[in-house]
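[1] what follows is a predicted structure for the sequence shown.
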Amino acid sequence: MIFSLLGYEEMLGEEYEYPEWSVAAGWALTLSSVLCIPTYMIYKFLRSPGNCKD
């Protein structure tokens, strides 16, 4: 995901320029599904009993 953000290029080059709101909406939809996994992992890590060695 990080490399996708760093290597982002506009789609279709110079044929058509998408509005900024549509690009932002696309990234928001992508991040809303991708960030669920690490967020849940952090939640379970913090809520589970014991320490890191256990």
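    Noted; the coordinates are in hand.
[2] show me which helix runs longest in the protein.
    helix 20-34 (DSSP state H).
[3] now do the following helix or strand past that one: distance to the chain's middle.
    Beyond helix 20-34 in the direction of the C-terminus, DSSP states H and E gives the next helix or strand as helix 36-47. Taking CA atoms, centre = their mean, to the nearest Å, one finds helix 36-47 lying 15 Å from the centre of the chain it belongs to.
[4] what pLDDT, on average, does helix 36-47 get?
    Mean pLDDT, taken over the full extent of helix 36-47, equals 91.
[5] returning to what we had before: can you give me the offset of the longest helix of the chain from its chain's centre?
    On the basis of CA atoms, centre = their mean, the separation between the geometric centre of helix 20-34 and that of its chain is 8 Å.
[6] repeat that for stretch 32-52.
    Averaged C-alpha coordinates place stretch 32-52 at 15 Å from its chain's average position (CA atoms, centre = their mean).
[7] mind pulling up the pLDDT for C52?
    In this model, C52 is scored at 74, pLDDT.
[8] and G50, helix, strand or coil?
    Taken by DSSP: H, G, I helix; E, B strand; the rest coil, the conformation at G50 corresponds to coil.
[9] now for it, how many residues are close by?
    By the other CB atoms under 10 Å criterion, the neighbourhood of G50 contains 6 residues. Every residue, glycine included, has its C-beta placed from N, CA and C.
[10] what's the answer for T30, then?
    Burial of T30 is recorded as 13 neighbouring residues (other CB under 10 Å).
[11] any idea how far it lies from I42?
    Remark: distance between T30 and I42 (CB to CB, to the nearest Å) = 19 Å.
[12] can you check G7 too?
    26 Å.
[13] repeat for P19
    P19 sits 34 Å away from I42, taking CB to CB as the criterion.
[14] equivalent analysis for N51, please.
    The span separating N51 from I42 equals 16 Å under the rule CB to CB.
[15] settle it for me: which of the two has more neighbours?
    Between N51 and I42, counted using other CB under 10 Å, the more crowded position is I42 (10 against 6).
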